[in-house]
Structures are given as C-alpha cells and as structure tokens.
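# dropping a prediction and its sequence here:
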Amino acid sequence: MSKPIPSVQKYMTPSPHTIADDRPMSAAHEIMRKFGIRHLPVLRGGRIVGVVSDDDLHLIETLADVDPEKVLVSEAMTQDPYTVAPGAPLDEVVAEMGDHKYGSAVVVEGGRVIGIFTTVDACRAFAEILHARGGGAGRGPASRS
C-alpha cells in the first residue's frame, strides 16, 4: 500500500526572509549574504509581487551603468512568481518546478507569504523520502564489493 503524498508545507522553509519591491538591489544582496539564501520573495504592501534570486541580481548587474545602490529590486525580480498553497501535494509542486525550471515556489496562505520551497528543499525531501523507503545505504558513496 502506498503512502499518501506529503504536502509542500512539510518541506518548505517557513517564515522566509522577504524584501520590499522599492528597496535597492544592494539591500537584497545584503540579506542573501547575511542569511546564506538564494531567493527572496518580493512584497508590495505585504503582498507577493515577485521573487528575486541571486542569479537575477547578478544578471542585472552585468548590464552597463547599473548601480546596485540605485536600481530597485522591482527591476530585477521575476514578476508573477510560482505560488502554491501550503497543502499543495509535493509531487505536483516538484513537477511544476521541473517543467518550468522554477528555482522556487512561494508558499502563500490568505494572501500572505508563509514559506518558500526551493530546489534545495526538494533535494532534502527526495533524500528523506528515499531514506524512508529503506532502499539506500544512507549518505556517502555507494559501497563496491
């Protein structure tokens, strides 16, 4: 008998760091460096309007005459980010992320950001699920006999 598919809420990073869309790119960099993260949900008036990744910031900064102290996060973010409810089935979220090459899914409840699910979270979920199935030898290289 197969086990039910867990929801994205089980594996998301709760209460993620966020940034307002009117902040400079340098502020996004600072948050990402300080907390060791690669994705920031972007808010306007407490509502999700985008997501900015470290790759987005680096791409914009390669353009001529871009000053990270003056260019706003709104100019670097991806608008209309992939959002899901906390109860969304993990398999559907991961499939959608893979199909569209999304680096993250912003978890929203009642219009508020409550979590973020990234490709790193997906890898951790996959490892946990595989381990629970009992088929693996655990972490590290496979033994060769």
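Looks like it arrived, so ask away.
# from here on, just use CA atoms for contacts and neighbour counts.
Noted.
# what's the burial count for residue 33?
Neighbourhood size, residue 33 [other Cα atoms under 10 Å]: 12.
# meant to ask about residue 106
Residue 106 has 27 neighbouring residues, counting by other Cα under 10 Å.
# now do the buried residues in the longest helix seen in the chain.
The helix of greatest length in the chain, counted in residues with DSSP state H as the criterion, is given as helix 119-133. Buried residues in helix 119-133, defined by neighbour count with 16 or more other Cα atoms under 10 Å: 119, 121, 122, 125.
# can you pull out the low-pLDDT segments for the protein?
For the chain, applying pLDDT under 70 flags the ranges 1-2, 135-145.
# which parts of it are helices?
Counting by DSSP H, the chain has these helices, from start to end: 25-35, 54-61, 73-76, 90-100, 119-133.
# where's the third one relative to the chain centroid, distance-wise?
Yep, that's helix 73-76 we're talking about. Chain-centre distance of helix 73-76: 17 Å, with Cα atoms, centre = their mean, to the nearest Å.
# can you check the second one too?
Using Cα atoms, centre = their mean, we find the averaged C-alpha position of helix 54-61 to lie 16 Å away from the chain's own average C-alpha position.
# against which helices or strands is it packed?
With contacts defined as 3 or more Cα pairs under 8 Å, 6 or more residues apart in numbering; DSSP states H and E, helix 54-61 has these neighbours: helix 25-35, helix 73-76.
# same check on the third one?
Other elements packing on helix 73-76 under the criterion 3+ Cα pairs under 8 Å, 6+ apart are helix 25-35, strand 47-53, helix 54-61.
# what about 10 Å?
In terms of contacts (3 or more Cα pairs under 10 Å, 6 or more residues apart in numbering; DSSP states H and E), helix 73-76 is packed against strand 19-20, helix 25-35, strand 39-44, strand 47-53, helix 54-61.
# would you mind saying which of those lies nearest residue 81?
For the helices and strands packed on helix 73-76, proximity to residue 81 was assessed by Cα to Cα; strand 47-53 is nearest, at 5.3 Å.
# many thanks, have a good one.
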